[in-house]
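# fold the following.
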Amino acid sequence: MRLPKHIGIIPDGNRRWALNNNLSEEMGYKHGINPGLEVFKLCQKEGIEEVTFYGYTVDNTKRPLKQKIEFIKACLESVMLLTKEDCEILVVGDTDSPAFPAEFLPFTKERKKFGKGGIKVNFLIHYGWAWDLDFKKQHCPLGKHVNPRLKSEDISRIDLIIRWGGRRRLSGFLPVQSVYADFYVVDSMWPDFKEKEFYNALKWCDKQDVTLGD
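Next comes the predicted model:
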């Protein structure tokens, strides 16, 4: 089976899962931590070279304070869990923002190796696609200017994106690296993650015609 070198993970549905289980919305985030660890170990087992987890975006910080506190806490715990594994971690996000959590800063300067290293793991934390592309208002037809240097330049092209939660959109997920990615949607919520969903995505990806525009 042809395996993707780089998989992007959009772990959506935490709040809807919480409401479906008679919990307040912010309680859903902590139930998404273990699924992330499971996906990491499956990627490691299958020899995937790189995996990127969509932590949270700048837009997500507009949510109620209780939710914001919980999703930041869940992201931090997810990162710290993987420091106990064999991997190389990089956090990418707007570190110049006063709202960027200081706890993530040690992971932003360069990719950090843990254990024996190996699989590259990226976390998008306080990430924004406009920040990544360095969009700035200028005098041009579109009213914007793009800096040719990506803020996420250390993240490679993505082959497969898997989104849980049933939504059919990228939500600003690494627009440049995702340009030729195959996009697979799982209808179940992220906290309900099952191993077979990951393997179903790999099987589906194997059947896609990879042309990269040729």
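# after the longest helix seen in the chain comes which helix or strand?
In the chain, ranked by residue count with DSSP state H as the criterion, the top helix is helix 65-82. Later in the chain than helix 65-82, the nearest helix or strand by DSSP states H and E is strand 87-92.
# which residues touch the next helix or strand after that following strand?
Later in the chain than strand 87-92, the nearest helix or strand by DSSP H and E is strand 112-114. For strand 112-114, the surrounding residues in contact (Cβ atoms under 8 Å, 6 or more residues apart in numbering) are 82-90, 106. All C-beta spots, glycine's among them, are computed from the backbone N, C-alpha and C.
# buried set for the lowest-mean-pLDDT helix or strand in the chain?
Across the helices and strands of the chain, the lowest-confidence element by mean pLDDT, DSSP states H and E is helix 129-133, at a mean of 92. Buried residues in helix 129-133, counted by 16 or more other Cβ atoms under 10 Å: 129, 131-133.
# and the residues you listed as JSON lines, adding distance to residue 12?
Formatted as JSON lines, these follow (distance: Cβ to Cβ, whole Å):
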{"residue": "129", "distance to residue 12": "16"}
{"residue": "131", "distance to residue 12": "21"}
{"residue": "132", "distance to residue 12": "19"}
{"residue": "133", "distance to residue 12": "22"}
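# which of those sits closest to residue 19?
residue 129 (27.6 Å; Cβ to Cβ).
# quick one: that closest one and residue 33, what's the gap?
Residue 129 sits 25 Å away from residue 33, going by Cβ to Cβ, to the nearest Å.
# and residue 207, by the same measure?
31 Å.
# quick one: pLDDT of residue 122?
In this prediction, residue 122 carries a pLDDT score of 98.
# that one touches residue 156, doesn't it?
No: contact criterion Cβ atoms under 8 Å: residue 122 and residue 156 do not qualify, at 9.2 Å.
# disregarding residues adjacent in the polypeptide, which is nearest to residue 64?
Spatial nearest neighbour of residue 64, chain neighbours left out: residue 26 (7.6 Å); criterion: Cβ to Cβ, 6 or more residues apart in numbering.
# so residue 207 and residue 33 - more neighbours on which side?
Neighbour totals were compared for residue 207 and residue 33, and residue 33 leads with 18 against 9 (other Cβ atoms under 10 Å).
# that one is in what secondary structure piece?
Using DSSP H and E, the element containing residue 33 is helix 33-46.
# just the angle between that helix and helix 65-82, please?
Interaxial angle, helix 33-46 versus helix 65-82 (axes from the mean of the first three to the mean of the last three Cα atoms, to 10 degrees): 30 degrees.
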